[in-house]
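>>> What follows is a predicted structure for the sequence shown.
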Amino acid sequence: MLLTTWHRFTAWRRGRPFWAGLFVAVGALLILFPPFAGLKFGDLMISMQTLGGVSALLIGTLLGICAVALWAQPRFRLASGIVTVLLSLVAVVVTNFGGFIIGTLSSLLGGALALAWTDEPKKPKKAKEPETTQGVQPT
């Protein structure tokens, strides 16, 4: 049962840009997290609830939608990839350095993977034929 489920998951994963969607989803969570998390160090409470929080909510949600679109509808990979790259670049400016740069880098990587992904099967490489050179043989 477990092996059958794993084979089905593998077949599903290979039919879509799975890793691109995963990197975009991780980037979305990393962009959403800092503005809404209150970090406590002893008696010191650090909270970043500013206008960046609203931007992080919007950009993180849109990146999450792009991640789901990459998994659910692989034919929209170009549109999702372009939107992901643009949103992650905008996130650097408006949302606490885009999840402290890690969220932006993860989303950029996912967007690049989405743009590069194709569902065409790999073509087998042709075997090299031995070269037949007609040179002068030593006598």
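Everything's here; your move.
>>> C-alpha from now on. contacts and neighbour counts both.
OK.
>>> which secondary structure element contains the residue positioned nearest the centre of the chain?
The chain has Gly110 as the residue nearest its centroid, 1.7 Å off, counting by C-alpha atoms, centre = their mean. Taking DSSP states H and E as the definition, Gly110 sits inside helix 102-116.
>>> Touching that helix from outside, list them.
With C-alpha atoms under 8 Å, 6 or more residues apart in numbering as the test, helix 102-116 has contacts from 17, 19-31, 63, 70, 77-78, 80-82, 84-85, 88-89, 91-92, 97-98.
>>> From those residues, keep the buried residues only.
With burial judged by 16 or more other C-alpha atoms under 10 Å, the buried subset of the contacts of helix 102-116 is 17, 19-31, 63, 70, 77-78, 80-82, 84-85, 88-89, 91-92, 97-98.
>>> Among those, which are located in strands?
Residues of the buried ones among the contacts of helix 102-116 located in strands (DSSP state E): none.
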